[in-house]
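# based on what follows, work out the 3D shape:
(4 chains)
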2 protein chains.
Amino acid sequence: MITINLGRGRVKDYLELFGGNWFNGEENNGLKEVFTIGQRNRLQYIILGLLGQQDQTGYDLTKAFEHEIGEFWQASHSQIYPQLQRLETAGDITHQDQITGEKLTKKVYQLTAQGQKKLAAWVSEPSPELTATKDEFILKLYFIKSANDPRLGPMLREQTQLHAEQLAHLQERQREVFPNQAAIDAAFGHYLILEHAIERESHYVEWLQRYQTLSNNH
Amino acid sequence: MITINLGRGRVKDYLELFGGNWFNGEENNGLKEVFTIGQRNRLQYIILGLLGQQDQTGYDLTKAFEHEIGEFWQASHSQIYPQLQRLETAGDITHQDQITGEKLTKKVYQLTAQGQKKLAAWVSEPSPELTATKDEFILKLYFIKSANDPRLGPMLREQTQLHAEQLAHLQERQREVFPNQAAIDAAFGHYLILEHAIERESHYVEWLQRYQTLSNNH
DNA sequence: TTTCAACATGTAATTAATTACATGTTTTAA
DNA sequence: TTAAAACATGTAATTAATTACATGTTGAAA
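The predicted structure follows:
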């Protein structure tokens, strides 16, 4: 029995440990870990998800973040390689060396049974948190007090340009990735979120254009 | 004249210094600063913007992030207080002590002329970066391959609930903050982004409901 | 009159993310 | 054949953000 002296306002924190990392068993092997809750670290799950689709290297994963899922999540190789090492240490993935050409050794990663379980558990668990949209333009608008502010027109036009380009890019992606029903059936979730993103950008542009005529005098 | 030995692929980085913090003058007072570019630190501008509306304390700012602009940006007091200190050191804000009751000393912050200039410059400068939306649900959907996946229905329903609540909250905010045309005219930018957020959530819910009937068998 | 919520202001520790540093191989096109 | 782009894998340094620690005051309601 360990008695812990709790200061004011810490009972809740203490209790949350049981919903956090306490007594989770296998994942905690040291005292330090036991008391660490930390931030969500979603990257590990995305990597597991991508490896679930196909065995691949850290470089392949980096490219996937640049092209395949770049619209929905960003991560650079300097996050990916260390995360792969941590996932392997944790036993969620393993790798095999593959020689290309004379001496270039690639590490091809794959999910372990434990990693598959962890991925499935993450997908199934609730996602009760709203997204923190950190849109700098939206924030600047907040500080524009008057409809007659001369900065308003140029700002709206700049953003219209930006989001129209993004919309076109997403539509191009949709044509590329989902040319027929078979492609949609094979990656239905991806289809859904691409459709969602297209409609979101489409609305964004429509909303911007609604006020486009304001402050044309600059 | 200083000669710097540049390795492969670093010329671009070097040139970017001139678009970054190099030779910006007053903001750089040491070598360390001169070579640091770092992340965007938008928080400082939001604080300047809020102080531009009204002199206030760190506590007031914290509350503003919780209620007033919480839908558009998040920051906690543990970010705000150190940032206030840095802004004051930089000469963008000053403060006056105000005694409440017997001995409670509040620090009421206000913009300096320099701070006002900095704020105006930030609002006027382009915002060419697209927002990184990090929506965990969207990401999970990406890994759902089939329209028949039994997890799909429950996931969509959970998110519908969540976003319908957020939509209702935003609509309530709109009624509260903008009961008449005068209120709209006095904070036009805020009105615009609230309208945008409402339409965004509205579309989100509509999109979720479109696929709601899938996988009702769980 | 006492206790609790809200007011008020900080710092410390940790985790996440970005930017920069660092190096070597293979393939492709001029 | 050679130079550049793409492939490939790391680490270091810095900044941002979150969570937790820490403490004290004031006002309102029971």
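# select the longest helix from chain A.
Determined from DSSP state H, the single longest helix within chain A is helix A:152-177.
# quick one: mean pLDDT for that one?
If you average the pLDDT over helix A:152-177, you get 96.
# quick one: distance of it to the chain centre.
21 Å (CA atoms, centre = their mean, to the nearest Å).
# over to stretch A:46-59?
The chain centroid and the centroid of stretch A:46-59 are separated by 14 Å, computed with CA atoms, centre = their mean.
# with only the CA atoms kept, save it in PDB.
Output of stretch A:46-59 as PDB, limited to C-alpha atoms (Å, rounded to 0.1, in the frame of the first residue of the first chain):
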ATOM      1  CA  ILE A  46      -1.300   6.000 -38.700                       C
ATOM      2  CA  ILE A  47       2.000   4.200 -39.200                       C
ATOM      3  CA  LEU A  48       0.400   1.000 -38.100                       C
ATOM      4  CA  GLY A  49      -2.500   1.600 -40.400                       C
ATOM      5  CA  LEU A  50      -0.300   2.200 -43.400                       C
ATOM      6  CA  LEU A  51       1.800  -0.900 -42.600                       C
ATOM      7  CA  GLY A  52      -1.500  -2.700 -42.300                       C
ATOM      8  CA  GLN A  53      -2.200  -2.000 -45.900                       C
ATOM      9  CA  GLN A  54       1.200  -3.000 -47.100                       C
ATOM     10  CA  ASP A  55       4.700  -3.800 -45.800                       C
ATOM     11  CA  GLN A  56       7.000  -0.800 -46.500                       C
ATOM     12  CA  THR A  57      10.000   1.200 -45.500                       C
ATOM     13  CA  GLY A  58      10.300   4.500 -43.600                       C
ATOM     14  CA  TYR A  59      10.900   6.200 -46.900                       C
END
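# and that stretch with DNA strand C, contact?
No. Judged by CB under 7 Å from any atom of the strand, stretch A:46-59 and DNA strand C are separated, with a smallest distance of 9.1 Å. Just so you know, the C-beta spots here come from the backbone N, C-alpha and C atoms, and that holds for glycine as well.
# walk me through the domains of chain A.
Domain assignment of chain A by automatic domain parsing yields the ranges A:11-18+A:27-124, A:136-210.
# surely A:T131 and B:A132 touch.
No. Using CB atoms under 8 Å, A:T131 makes no contact with B:A132, being 10.2 Å away.
# how long is stretch A:94-108 from one end to the other?
One end of stretch A:94-108 sits 8 Å from the other (CA to CA, to the nearest Å).
# should've said stretch A:137-155
Distance between the two ends of stretch A:137-155: 8 Å, counting by CA to CA.
# again, but for stretch A:106-118
25 Å.
# in it, what counts as buried?
A:106-109, A:111-112, A:115, A:118 (16 or more other CB atoms under 10 Å in any protein chain shown).
# show me where chain A has strands.
Using DSSP state E, the strands assigned to chain A run over residues A:93-100, A:104-111.
# for the residue positioned nearest the centre of chain A, give me the pLDDT.
By CA atoms, centre = their mean, the mean C-alpha position of chain A lies nearest to A:W73, the distance being 3.3 Å. A:W73 carries a pLDDT value of 94.
# please apply the same query to the one 4 residues further on.
Note for A:H77: predicted pLDDT of 98.
# now swap in the one 10 residues further on and tell me
According to the per-residue confidence, A:L87 scores 98 in pLDDT.
# count of residues packed around it?
The number of residues packed near A:L87 is 23, by other CB atoms under 10 Å in any protein chain shown.
# you'd agree it is up against A:L48?
Yes. Between A:L87 and A:L48 there is a contact at 7.2 Å, judged by CB under 8 Å.
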